[in-house]
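In: Okay, sequence plus prediction incoming.
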Amino acid sequence: MTYVLEGHEHRVSDVNEGFECDACNRSYGGGYSCGECKFTVHKKCVFVFKIQERIDHPSHDGHCLEFLTTGAPDNTDPKCHLCGKNTKRLLYHCSDCKVNLDIDCIIDSLCSRSDLSMEWHDHPLLMVDLKASLLSCDFCHGTSKHGYCCPRCRLVIHEGCVSVFESPEITHPSHVRHPLKLIAGGAPDYTDRSCHICGDTTGNLLYHCDICKFSLDMDCAIEGPPPVALSNMKVHKHTLTLMPKLISFVCDACGTKGDRSPYICVQCDFMIFHQKCARLPRVIHVNHHDHRVSFKYPLGLGEWRCGVCWEEIDWSYGAYICSICPRYAIHSLCATRRDVWDGKELDGVPEKVEYIEPFKRNEDNTITHFAHQHNLMSLGKGGEESSLCGGCVCPIGSCTFYKCSELDCNFILHETCANLRKKKRHFLSPQPLTLCLQSYPLSDSCEACHQVFYRGFTYSTYLRKQLDVLCSSITVPFIHGSHDHHLLYLKQRFGDVKTCQGCDMDEKEVVIGCMKCDYFLDFRCATLSLTVTLPRYDDHPLTLCYGDEKASGKYWCDICERETNPKTWFYTCKDCGVTLHIFCVVGDIRYAKDGKSMGYYTATLLSNNSSSRPLCHNCHCRCPGPFILRVIKWSYSEKGEEKKFFCSYYCFTISGYDGSKDSKIKLRCPPWTSGHQIQLIE
């Protein structure tokens, strides 16, 4: 995300901790970065000096100094005219006298206009409007009302929060040997910037003991001390006692390293990493496994691998195991992740049978399936190429299938689709998935691959998270022919981006990959068919090619007649030697049935197999894809029906004809509409 910074000509972007600010030379907190000018600045530093965008300084009478973020002008001496040091990107400047003053020299002038002085703070404070600045109070973290700001150490505090700190010292149960002093300049350099109880960053305001080098953040100091003892736990039968001290250890419950304030059991030599490990549940359901798992300490002799991250588990520490599958185990912290566990403790809860038969067998050798109102009978293998399965909406091919027993009903179902589980667990959803029949017009896309739904089976949760049949069939570790190692589901943090090896597109949400090799696939590429038959183009089967690293020269798609990128995946015919875009072969509607209506208008999906290709109403290209959309709409200007054609669901959506021009469904731009690589839009 980018922002406009007043006084600066370029847009700036957010940066996290770990940079040196060009105003205060410190490296705490978040800020802004300008890629053009190569400077970074804390958000608080920007605001502190925007308090006075123009300032009168005692050393420069007669003219105002203006705050700049672009560095000293070219026609001036870059050194500060007061202290002689080189100025940085942030400075104050007089355009009339060509005078530059750095930030440090301005601070004294700002502090001389102090609105408040506190016993516990060495510097004077200025009153500011926190609501307008969107700065948060270092004590209560709120952003409303007026408050005070320290130009020197960047302390921000609400006007109402000042009274909380009438006493500069407190005695805290977590550190009873010495009183803790309130300091507002951040943790001293001789200790780390983390709270010695909870491990979070202390920030500017904290309580500190300089004798023991002990720091306490405001949450732990004001909201109350952690309990001295923990009892009635699920993971240990004895009471645990808090040891409020910096100490290196390994948590017996989760196997991770800790560095402060463990809870210990003297009787068992048992030590855990804070309260979260003491409150681990005993029995839970995870989305990576069909059966319940329960906590066990120690795990027990043997070689164990975690069923979530696939890393080795040290058998001498605690983990979750399955009583039915003897070699299945999960790290404690992996099992209780929010994207793995639904948060329900199942200790003492009777186990329910989650497997539900999708159909009932009848005495006349037919089946009654939940997805169809008539009985189905088995007809063995083989079917017409045009016959599509009612579940996966794919050709029947040479697979065994069921057909409706009613003569006037042509419903067909693959045997494998008929046997799909009615309920299942999948690593993409903490909640169980339920198999549903999508029988209404198109309105959603798969959460994993972003492909559009059109009829057929889907797996969904009560939160309306939907996965198509292919994506829900992927299990981890996932073996794919494009890579030598197994691929795992990677939980991406906010702002993380992974580039898919198959299409060279960035994916911000769902990927599987190999971290060791920095190899990632999005779900659309991971679920592509290895072979495809395209009767409208050629009788030969098309094979998925994982890029041609030795390619030289240009490759052209024989369908859209535009250039292909040989470094990314494409379909090829081994007999003819042609190359085809993935999009041109499979389109952007994964489960499509010819002749069906969809969308809010009368839009009909048609196979693009005629001798002449219609012109797309949106991109004005001749429709080369496997399907076209025909929209019939009443036209008042023409006083009759108006027909529009669209080459893809992408063009259909962005034109607004589906009634959802502002839809958040992610779509891929067809290669023939741009001439560039395919892009995701929201």
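Out: Arrived safely, thanks for sending. These figures come from a predicted structure and were not determined experimentally. Residues are numbered from 1 along each chain as shown.
In: Tell me what L125 is bridged to.
Out: Counting by DSSP bridges, L125 is bridged to L116.
In: Next, work out how far apart it and C149 are.
Out: 7 Å (Cβ to Cβ, to the nearest Å). Where C-beta positions appear, they are placed from N, C-alpha and C, glycine not excepted.
In: so what sits against both of the two?
Out: Counting by Cβ atoms under 8 Å, 6 or more residues apart in numbering, the contacts common to L125 and C149 are L155.
In: now the helices for the stretch 151-300 of the chain?
Out: 218-222, 274-278 (DSSP state H, counting those that start in this stretch).
In: I should have written the chain there, sorry.
Out: Taking DSSP state H as the criterion, the chain contains helices spanning 43-50, 103-111, 130-133, 218-222, 274-278, 332-335, 415-418, 469-472, 523-526, 582-586, 649-654, 671-674.
In: quick one: which of these is nearest H60?
Out: helix 103-111 (10.1 Å; Cβ to Cβ).
In: Skipping adjacent residues, who's closest to F39 in space?
Out: R89 (4.0 Å; Cβ to Cβ, 6 or more residues apart in numbering).
In: was I right about L435 contacting K422?
Out: Yes - taking contacts as Cβ atoms under 8 Å, L435 lies within contact range of K422: 5.2 Å.
In: between the two, which one's more packed in?
Out: Per other Cβ atoms under 10 Å, whichever of L435 and K422 has more neighbours is L435, with 21 against 15.
In: Where does pLDDT dip in the stretch 501-650 of the chain?
Out: Along the stretch 501-650 of the chain, segments meeting pLDDT under 70 span 535-538, 549-551, 591-602, 634-640.
In: Quick one: the strands in it, in order.
Out: 506-507, 510-514, 519-522, 531-533, 541-545, 555-556, 563-564, 570-572, 579-580, 597-598, 602-607, 627-635, 640-646 (DSSP state E, counting those that start in this stretch).
In: burial count for P566?
Out: Residues near P566, counting by other Cβ under 10 Å: 18.
In: and it, how far is that from A187?
Out: 54 Å.
In: Of all the strands of the stretch 501-650 of the chain, which one comes closest to R279?
Out: Closest to R279 of the strands of the stretch 501-650 of the chain, according to Cβ to Cβ: strand 510-514, at 29.5 Å.
In: okay, that closest one in PDB with CA atoms only?
Out: Extracted in PDB, the C-alpha atoms of strand 510-514 (Å, rounded to 0.1, in the frame of the first residue of the first chain):
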ATOM      1  CA  VAL A 510      -3.000 -19.700  -1.000                       C
ATOM      2  CA  VAL A 511       0.100 -21.500  -2.300                       C
ATOM      3  CA  ILE A 512       1.800 -24.800  -2.000                       C
ATOM      4  CA  GLY A 513       5.600 -25.000  -2.300                       C
ATOM      5  CA  CYS A 514       9.000 -26.100  -1.300                       C
END
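In: Partner strands of it, with direction?
Out: With DSSP bridges as the test, strand 510-514 pairs up with strand 488-491 (antiparallel), strand 519-522 (antiparallel).
In: For the first one, give me every contacting residue.
Out: Translated: strand 488-491. Contacts of strand 488-491 (Cβ under 8 Å, 6+ apart): 309-310, 337, 339, 427-428, 476-478, 498, 510-515, 520.
In: Any idea how many residues pack against G84?
Out: Counted with other Cβ under 10 Å, G84 comes out at 8.
In: Run through the residues that contact the closest residue to C623 other than its chain neighbours.
Out: Sequence neighbours aside, C647 is the residue nearest to C623 in space, at 3.9 Å (criterion: Cβ to Cβ, 6+ apart). Neighbouring residues of C647 by Cβ under 8 Å, 6+ apart: C616, N618, C619, C621, R622, C623, P624, G625, I628, P670, W672, T673.
In: gap between S33 and V12?
Out: 6 Å.
In: and what of I272?
Out: 43 Å.
In: what's the answer for T564, then?
Out: 37 Å.
In: got CSV for the strands paired with strand 510-514, with distance to S231 and mean neighbour count too?
Out: Listed next are the strands paired with strand 510-514 as CSV, based on distance: least, Cβ to Cβ, whole Å; neighbours: other Cβ atoms under 10 Å:
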stretch, distance to S231, mean neighbour count
strand 488-491, 33, 19
strand 519-522, 46, 23
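In: Figure out which of the helices of the chain is closest to C161.
Out: Using Cβ to Cβ, the helices of the chain put helix 218-222 closest to C161, at 9.7 Å.
In: hmm, back to that, which one of the contacts of C647 is nearest to V578?
Out: Closest to V578, out of all of the contacts of C647 and judged by Cβ to Cβ, is P624, at 13.8 Å.
In: OK, contacts around the residue lying closest to C195 once chain neighbours are set aside?
Out: Among residues not flanking C195 along the chain, D217 sits closest, at 3.9 Å (Cβ to Cβ, 6+ apart). Residues in contact with D217, defined by Cβ under 8 Å, 6+ apart, are C195, I197, C198, D200, T201, T202, G203, L206.
In: that older thread, make a markdown table out of the helices of the chain and add mean neighbour count and distance to Q267.
Out: Listed next are the helices of the chain as a markdown table, based on neighbours: other Cβ atoms under 10 Å; distance: least, Cβ to Cβ, whole Å:
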| stretch | mean neighbour count | distance to Q267 |
| --- | --- | --- |
| helix 43-50 | 22 | 49 |
| helix 103-111 | 18 | 57 |
| helix 130-133 | 16 | 51 |
| helix 218-222 | 19 | 28 |
| helix 274-278 | 19 | 15 |
| helix 332-335 | 24 | 21 |
| helix 415-418 | 18 | 55 |
| helix 469-472 | 23 | 47 |
| helix 523-526 | 25 | 50 |
| helix 582-586 | 22 | 62 |
| helix 649-654 | 26 | 65 |
| helix 671-674 | 20 | 68 |
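In: Tell me which of those sits nearest to I356.
Out: That would be helix 415-418 among the helices of the chain, by Cβ to Cβ, at 13.8 Å.
In: helices or strands up against that closest one?
Out: strand 400-404 (3 or more Cβ pairs under 8 Å, 6 or more residues apart in numbering; DSSP states H and E).
In: What lies in contact with the strand it packs on?
Out: Contacts for strand 400-404 (Cβ under 8 Å, 6+ apart): 367, 369, 372, 374-381, 383, 389, 410-415, 418.
In: now those: which count as buried?
Out: Among the contacts of strand 400-404, those buried by neighbour count (16 or more other Cβ atoms under 10 Å) are I367, H369, H372, N375, L376, G383, C389, F411, I412, L413, H414, A418.
In: looking at it, the fourth one is touching C409, isn't it?
Out: No - because the distance of 10.3 Å does not satisfy Cβ under 8 Å, N375 is recorded as not touching C409.
In: Please tell me which one of the contacts of C647 counts the most neighbours.
Out: G625 (29 neighbours).
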